[in-house]
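Student: Got a sequence here, can you build the structure:
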Amino acid sequence: MNFVEELRWRGMIQEIMPGTEEQLQKELTSGYLGIDPTADSLHIGHLVGVMILKHFQRAGHRPIALIGGATGMIGDPSMKSQERNLLDEKTLRHNQESIKKQLAKFLDFESDKPNKALLVNNYDWMKDFTFLDFIRDIGKHITVNYMMAKDSVKKRLSGESADGMSFTEFSYQLLQGYDFLHLYSELGCRIQMGGSDQWGNITTGTELIRRKTGGEAFALVCPLITKADGTKFGKTESGNVWLDRRYTSPYKFYQFWLNVSDDDAAKYIKIFTALSKEEIDALVHAQKEAPHLRPLQKKLAEELTIMVHSVEDYEAAVSASGILFGGSTADALKTLDEETLLQVFEGVPQFDVSKVELEDGIAAIDLLTQVTTVFPSKGEMRKMVQAGGVMINKNKLENSDEIIDHSYLIDGKYILAQKGKKNYYLLIAK
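Tutor: All right, here's what the predicted structure looks like:
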């Protein structure tokens with residue numbers, strides 16, 4: 001499959017300008033996608049565009065990632081109800097450097113191949129462009145009527161927002177159009193890609209190129225990703241799922257993909273991985289044969305966690321998941337860092353216990369029935385111990401009177417008690 005055919009199969013094309021496919025089949029082509037540096041990390045909502053660039057490079061073309069340092073100071077009005085907060089240059093520069101490191105995990109910026117990826121920043125060509133020069137050299141080529149016909153502008157002027165639209169935001173499509181013109185003129189960039197909400201801005205760029213240079217440029221946009229139940233993709237109760245481990249740990253990142261629905265997994269594995277059609281078809285078949293084994297979700301979580309983080313982070317996330325849902329051992333529990341341990345047992349009942357008592361040693365039955373209320377009575381605990389149903393730090397408790405002391409502490413602070421197969425309790429020594 002060529003690039004366009006592959007994107008169609010993956011469900012990653014919503015609109016494509018006539019002539020785009022022919023251009024890509026004709027020669028090595030440069031294409032770009034813009035990323036607003038409004039945070040110092042990408043989140044999974046950015047991954048669709050990043051994967052398009054990845055497929056673009058795999059198909060032999062040259063991807064250009066444009067960090068919107070200049071346009072990020074304004075804010076894109078497309079499909080938004082109000083103007084975003086504007087960022088200062090120092091913050092934007094910091095965000096750009098952080099994003100560059102993340103993109104390098106998806107794109108080849110370092111090789112000597114003719115299609116190695118480029119990273120550019122529109123602040124570099126906009127910072128010395130005066131307002132008078134811009135409206136004289138660029139503004140005259142696009143009419144106000146043309147700009148007001150765009151859906152993104154219509155929505156903001158239709159009365160849905162009492163605040164209307166500032167001139168700053170109204171000018172955004174012209175600035176983005178100039179980005180395309182600049183990259184067309186300086187780097188021979190012929191295609192802009194993005195989300196479907198960018199169609200109006202992108203076609204302003206192709207029109208500006210046509211009017212200013214007489215040249216031909218193209219556009220391709222992907223659909224906005226939604227979940228099967230109609231709710232917003234990429235959001236959890238705690239907010240965005242970030243690519244930076246400071247904001248979303250590898251364990252939580254892994255769990256997000258592992259817990260998507262069957263329908264979503266079948267769609268996402270096409271969009272967010274580079275697996276071949278044959279590999280994905282085999283996984284879809286395996287899912288139908290044994291849905292309880294969830295091969296789609298497991299492979300999706302594996303591919304994304306390794307791609308965004310590392311093999312080691314993936315293996316640690318699998319090990320951490322096994323603490324709750326598998327037959328993991330005490331050794332696996334001890335390998336967890338404190339942050340991951342607390343995330344694994346988020347929502348699990350917690351009890352404070354005295355470090356002094358643990359240093360002196362305390363019988364397990366007293367610890368779990370008097371100091372804490374893991375068991376309502378000593379009799380009930382003894383029966384469950386005899387049945388082999390009580391675990392301390394993933395080790396079976398053989399004797400109710402076993403002495404628990406500070407040597408049982410995980411990371412010098414925690415003890416994990418387990419009643420039956422699914423009931424966990426985290427004891428925190430203070």
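Student: for the strand or helix carrying Leu416, the distance to its chain's centre please.
Tutor: Assigned by DSSP states H and E, Leu416 belongs to strand 414-419. How far strand 414-419 lies from its chain's middle: 33 Å, per C-alpha atoms, centre = their mean, to the nearest Å.
Student: Report the buried residues of it.
Tutor: Within strand 414-419, the residues that qualify as buried are 414-419, counting by 16 or more other C-beta atoms under 10 Å. Quick note: C-beta positions are derived from backbone N, CA and C, even for glycine.
Student: now, which of the residues you listed sits nearest Leu7?
Tutor: Nearest to Leu7 out of these is Leu416 (C-beta to C-beta; 46.5 Å).
Student: confidence score at Val318?
Tutor: Note on Val318: pLDDT of 90.
Student: likewise Gly75?
Tutor: Looking at Gly75, its pLDDT stands at 57.
Student: And the one 5 residues further on, by the same measure?
Tutor: As predicted, Lys80 sits at a pLDDT of 49.
Student: What are the contacting residues of the strand or helix carrying Lys212?
Tutor: Following DSSP H and E, the helix or strand that holds Lys212 is helix 199-213. Outside helix 199-213, the residues that touch it by C-beta atoms under 8 Å, 6 or more residues apart in numbering are 15, 17, 76, 78, 138, 141-142, 146-147, 150-153, 172-174, 176-181, 184-185, 192, 194, 215-219, 221.
Student: Which SSE is immediately downstream of the strand holding Leu416?
Tutor: With elements assigned by DSSP H and E, the helix or strand that comes after strand 414-419 is strand 423-429.
Student: What residues of that following strand count as buried?
Tutor: Residues of strand 423-429 classed as buried by neighbour count (16+ other C-beta under 10 Å): 424-427, 429.
Student: Pipe the residues you listed into CSV and attach distance to Ser400 and pLDDT per row.
Tutor: Below are the buried residues of strand 423-429 laid out as CSV (distance: C-beta to C-beta, whole Å; pLDDT from 0 to 100):
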residue, distance to Ser400, pLDDT
Tyr424, 19, 90
Tyr425, 16, 92
Leu426, 20, 91
Leu427, 16, 94
Ala429, 21, 91
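Student: can you list these in CSV and add distance to Asp133?
Tutor: Shown next, in CSV, are those (distance: C-beta to C-beta, whole Å):
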residue, distance to Asp133
Tyr424, 65
Tyr425, 68
Leu426, 63
Leu427, 68
Ala429, 67
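Student: picking up where we left off before, roughly how far out does the helix holding Lys212 sit from the chain middle?
Tutor: The chain centroid and the centroid of helix 199-213 are separated by 30 Å under C-alpha atoms, centre = their mean.
Student: what mean pLDDT does that helix have?
Tutor: The average of the pLDDT scores along helix 199-213 is 92.
Student: list the buried ones in that helix?
Tutor: If you call a residue buried by 16+ other C-beta under 10 Å, then helix 199-213 has these buried ones: 199-209, 212.
Student: repeat for stretch 214-228
Tutor: Buried residues in stretch 214-228, defined by neighbour count with 16+ other C-beta under 10 Å: 217-222, 225, 227.
Student: quick one: contacts for the residue found closest to Pro223 once you drop the neighbours it is linked to in the chain?
Tutor: Using C-beta to C-beta, 6 or more residues apart in numbering and skipping the chain neighbours, the partner closest in space to Pro223 is Gln14 (4.2 Å). When the contact criterion is C-beta under 8 Å, 6+ apart, the partners of Gln14 are 196, 221-223.
Student: Check Tyr268 too.
Tutor: 257, 260, 300.
Student: which stretches of the protein aren't confidently modelled?
Tutor: The chain contains residues with pLDDT under 70 at 72-86, 152, 159-163, 237, 326-328.
Student: From the centroid of it, which residue is nearest?
Tutor: The chain has Ile44 as the residue nearest its centroid, 1.9 Å off, counting by C-alpha atoms, centre = their mean.
Student: From Asn240, how far out is that residue?
Tutor: Distance, Ile44 to Asn240, by C-beta to C-beta, to the nearest Å: 8 Å.
Student: okay, and the common contacts of the two?
Tutor: Shared contacts of Ile44 and Asn240 (C-beta under 8 Å, 6+ apart): Gly234.
Student: After the helix holding Lys212, which helix or strand is next?
Tutor: Assigned by DSSP H and E, the successor of helix 199-213 is strand 218-222.
Student: Now do that following strand: which elements does it pack against?
Tutor: When contacts are defined as 3 or more C-beta pairs under 8 Å, 6 or more residues apart in numbering; DSSP states H and E, strand 218-222 sits against helix 3-9, strand 15-16, helix 20-26, helix 47-58, strand 189-195, helix 199-213.
Student: Pairing partners for the shortest one, with directions?
Tutor: It refers to strand 15-16. Each strand paired with strand 15-16, and its direction, by DSSP bridges: strand 218-222 (antiparallel).
Student: from the chain's centre, how far out does the strand it pairs with sit?
Tutor: Distance of strand 218-222 from its chain centroid, counting by C-alpha atoms, centre = their mean, is 22 Å.
Student: May I have the phi/psi pair for Tyr247?
Tutor: phi -110, psi -30 (degrees, to the nearest 10).
Student: Enumerate every residue touching it.
Tutor: Tyr247 neighbours (C-beta under 8 Å, 6+ apart): 41, 240.
Student: could you check the distance from it over to Ala301?
Tutor: Distance, Tyr247 to Ala301, by C-beta to C-beta: 18 Å.
Student: who's sitting farthest from the centroid in this protein?
Tutor: Here the chain reaches farthest from its C-alpha mean at Gly379, the gap being 49.4 Å by C-alpha atoms, centre = their mean.
Student: Could you tell me the angle between the direction of the helix or strand hosting that residue and that of strand 414-419?
Tutor: Gly379 belongs to helix 378-386 when assigned by DSSP H and E. Interaxial angle, helix 378-386 versus strand 414-419 (axes from the mean of the first three to the mean of the last three C-alpha atoms, to 10 degrees): 90 degrees.
Student: that older thread, which among the contacts of Tyr268 gets closest to Arg62?
Tutor: Proximity of those to Arg62 (C-beta to C-beta) peaks at Leu300, which lies at 28.5 Å.
Student: Let me see the backbone angles for the closest one.
Tutor: Backbone torsions for Leu300, taken as degrees, to the nearest 10, come to phi -60, psi -50.
Student: Could you report the neighbour count for Gly389?
Tutor: Number of residues near Gly389 (other C-beta atoms under 10 Å) recorded here: 16.
Student: Just give the nearest non-adjacent residue to it, would you?
Tutor: The nearest residue in space to Gly389 (C-beta to C-beta, 6+ apart) is Gly420, at 5.3 Å.
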